[in-house]
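Asker: coords please:
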Amino acid sequence: MPFLLSAQMQNEGTVRYLKTHNWAKMISKLDYMSKQTRERILYQWANRSEWKQYCVLHFNQNETKYEDSEEKAEPDDEGGYSWRKDLYFVKRFFEQQKMVEGHEMLGKTYIVEDSLRGFNWKIQNDLKEVAGHICMKAVYEDTVRKHKIEAWFAQDIPISAGPERFYGLPGLILEVVYNEDAIVLTADKIDYKKLTIELDEPKKLKGKRIKESDFTEVIKKHIADKTKAEEPWFWGVRY
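Answerer: Numbers count the residues shown, from 1 in each chain. As a prediction, the model looks like this:
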């Protein structure tokens, strides 16, 4: 009975992820920009080489919700500047095989509604410990954003979910690495508990409702425009 109770508890709760952005590595991956342009941008950000924030994933066996946390991982910049929290959430409904996402970007709000589509994960034999769990490694390549993704998932937490838009592995994803540490999300706290309102969507949700394929086209056009202008494409949309 204690084992059964423990297994049931691990099917519901909240994961907090520490998300670390490394500006130098993010900029260095933009091969469409000249070396001079990249060096100029890095010089401007010399005093702010990293940015950290908390994100949370609420989960049970049937659905998940991921969003940026209200909790700050570091103080605001000197001078009083604080990062504005745009609307962003990712919901997965596993029984209905559907998704709902909210993205505030490029001066608009997009509500993405569609059926679930899996990622072409390739599971590897590597193991490591994350947040007290032994995790297996899986890799995936995002051809739109040109990301090489490394995910570490815990098979002892039988929830096929993860941070950001990632899911579809045989266990909860506890760490994600973008482009060799350009961005790293690592679970630093797992709170197994009965959820109440945590899975609710934002009230009075307004925005342009589109399919995932249309949303991808918006991202592609933005990246193409920024590539032509030799500017970082992730200034305006999520990395």
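Asker: so where's the chain shaky on pLDDT?
Answerer: 1-9, 76-84 (pLDDT under 70).
Asker: give me the residue at the spatial middle of it.
Answerer: E164 (2.2 Å; CA atoms, centre = their mean).
Asker: what about it, distance to K204?
Answerer: 25 Å (CB to CB, to the nearest Å). Every residue, glycine included, has its C-beta placed from N, CA and C.
Asker: kindly report the same for I149.
Answerer: Distance from I149 to K204, by CB to CB: 34 Å.
Asker: these two - which one has more neighbours?
Answerer: Neighbours per residue (other CB atoms under 10 Å) separate I149 from K204, with I149 holding more: 19 against 4.
Asker: what kind of secondary structure is the more buried one in?
Answerer: With DSSP: H, G, I helix; E, B strand; the rest coil as the basis, I149 sits in strand.
Asker: check contacts around it.
Answerer: V139, Y140, E141, D142, F166, V176, V177, Y178 (CB atoms under 8 Å, 6 or more residues apart in numbering).
Asker: at 10 Å what do you get?
Answerer: 119, 121, 138-142, 164, 166, 176-179, 183 (CB atoms under 10 Å, 6 or more residues apart in numbering).
Asker: so how do I select the buried members of the residues you listed in PyMOL?
Answerer: To isolate the buried subset of the contacts of I149 in PyMOL, counting by 16 or more other CB atoms under 10 Å, use the following:
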select buried, resi 119+121+138+140+164+166+176+177+178+179+183
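Asker: can you give me the offset of stretch 149-159 from its chain's centre?
Answerer: In terms of CA atoms, centre = their mean, to the nearest Å, the centre of stretch 149-159 is found 14 Å from the chain centre.
Asker: list the buried residues of it.
Answerer: Applying 16+ other CB under 10 Å to stretch 149-159 flags I149, E150, A151, W152, F153, A154, I157, I159 as buried.
Asker: stretch 192-199 now?
Answerer: E198, L199.
Asker: give me the residues contacting it.
Answerer: 6, 8-15, 56-60, 62-65, 67, 91, 93, 157.
Asker: keeping just the C-alphas, turn that stretch into CSV.
Answerer: The C-alpha trace of stretch 192-199 is given here as CSV (Å, rounded to 0.1, in the frame of the first residue of the first chain):
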residue,chain,number,x,y,z
TYR,A,192,3.7,16.4,-5.3
LYS,A,193,0.3,17.6,-4.3
LYS,A,194,-3.4,17.7,-5.3
LEU,A,195,-3.9,20.6,-7.8
THR,A,196,-6.9,22.9,-7.5
ILE,A,197,-6.9,26.0,-9.8
GLU,A,198,-3.3,25.6,-11.1
LEU,A,199,-4.4,24.0,-14.3
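Asker: hang on, the earlier thing: how about the contacts of I149, which pair is most distant?
Answerer: W121 and I183 (18.3 Å; CB to CB).
Asker: got the contact list for the residue nearest to the centre of the chain?
Answerer: So E164 contacts 17, 19, 55, 57, 66, 88, 90, 149, 173, 176, 178, 183, 185, 238-239 (CB under 10 Å, 6+ apart).
Asker: put the buried members of the residues you listed into a ChimeraX selection.
Answerer: Selection of buried members from these for ChimeraX, criterion 16+ other CB under 10 Å:
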select :17,19,55,57,66,88,90,149,173,176,178,183,185,239
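Asker: so which of the contacts of E164 sit within strands?
Answerer: Judged by DSSP state E, those include 17, 19, 55, 57, 66, 88, 90, 149, 173, 176, 178, 183, 185 as members of strands.
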